[in-house]
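*Asks:* kindly generate the corresponding structure for this input.
(2 chains)
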Amino acid sequence: DAKTTQPPSMDCAEGRAANLPCNHSTISGNEYVYWYRQIHSQGPQYIIHGLKNNETNEMASLIITEDRKSSTLILPHATLRDTAVYYCIAHGSSNTGKLIFGQGTTLQVKP
Amino acid sequence: NAGVTQTPKFRILKIGQSMTLQCAQDMNHNYMYWYRQDPGMGLKLIYYSVGAGITDKGEVPNGYNVSRSTTEDFPLRLELAAPSQTSVYFCASSLETGGVETQYFGPGTRLLVL
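*Replies:* Next up, the predicted model:
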């Protein structure tokens, strides 16, 4: 799997959009970009994934650059409950069973 | 569906003791995983399994053993507990479809080795 790079921490005001960046410059063609989050002391939770196109679900939007070297997770209206560590992972099916979590970005949503 | 369940939630072990962390999933997922997470750190993969009877090492397998006799269960065994194994242990399962693999995690087991 390609290495990903994320800022260690970010702040966001409650009600505003939170934009979390991720760099994956060595991503290969068959690797998807996945985002998970971990709220304090809980198990990680899947948020969204994408290959080339932008994706949206009930939790978030994922914007992937055309060259696929970076992506941004967008939480459109952040709430205090979105305070968590967010992990960006580039993973392909050729590495099934070896999802590797990095250090992630700690997002602090402030009132 | 209960999803991924783990027992116990918390355990204190003495150095040299042994224990088994239990993990079960009821989603008929082929793949199962064990991670550990030390305080303030990310998750590290210990062992994983792509199906019953098949297991493989992850990043940090030393001091642990696993078995996968059924699709549902994936226990993690600590034979001689050491203080370095104090951590939170997460079990996860996933189903790979069309190149996409989404993992579902259990609530974790907190282990303290004294």
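*Asks:* B:Gln25 is in contact with B:Glu72, correct?
*Replies:* Yes. Counting by Cβ atoms under 8 Å, B:Glu72 touches B:Gln25, with 6.1 Å between them. In this view, the C-beta of every residue, glycine as well, is placed from N, C-alpha and C.
*Asks:* settle it for me: which of the two has more neighbours?
*Replies:* B:Gln25 (23 against 17; other Cβ atoms under 10 Å in any protein chain shown).
*Asks:* find me the pLDDT at the residue nearest the centre of chain B, would you?
*Replies:* What sits nearest the mean C-alpha location of chain B, by Cα atoms, centre = their mean, is B:Trp34, with 2.7 Å. Looking at B:Trp34, its pLDDT reads 96.
*Asks:* residues in contact with it?
*Replies:* Contacts for B:Trp34 (Cβ atoms under 8 Å, 6 or more residues apart in numbering or on different chains) come out as B:21, B:23, B:45-48, B:58, B:64, B:66, B:74, B:76, B:89-91.
*Asks:* swap in 10 Å and give it another go.
*Replies:* B:6, B:21, B:23, B:44-49, B:55, B:58, B:60-61, B:64, B:66, B:74-76, B:89-92, B:106, B:109 (Cβ atoms under 10 Å, 6 or more residues apart in numbering or on different chains).
*Asks:* from those residues, which are also near chain A?
*Replies:* B:Gln6, B:Lys44, B:Leu45, B:Tyr47, B:Tyr48, B:Ser49, B:Thr55, B:Gly58, B:Phe90, B:Cys91, B:Ala92, B:Gly106 (Cβ under 10 Å from any Cβ of the partner chain).
*Asks:* can I get those residues in JSON lines including secondary structure?
*Replies:* Below are those laid out as JSON lines (DSSP: H, G, I helix; E, B strand; the rest coil):
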{"residue": "B:Gln6", "secondary structure": "strand"}
{"residue": "B:Lys44", "secondary structure": "strand"}
{"residue": "B:Leu45", "secondary structure": "strand"}
{"residue": "B:Tyr47", "secondary structure": "strand"}
{"residue": "B:Tyr48", "secondary structure": "strand"}
{"residue": "B:Ser49", "secondary structure": "strand"}
{"residue": "B:Thr55", "secondary structure": "strand"}
{"residue": "B:Gly58", "secondary structure": "coil"}
{"residue": "B:Phe90", "secondary structure": "strand"}
{"residue": "B:Cys91", "secondary structure": "strand"}
{"residue": "B:Ala92", "secondary structure": "strand"}
{"residue": "B:Gly106", "secondary structure": "coil"}
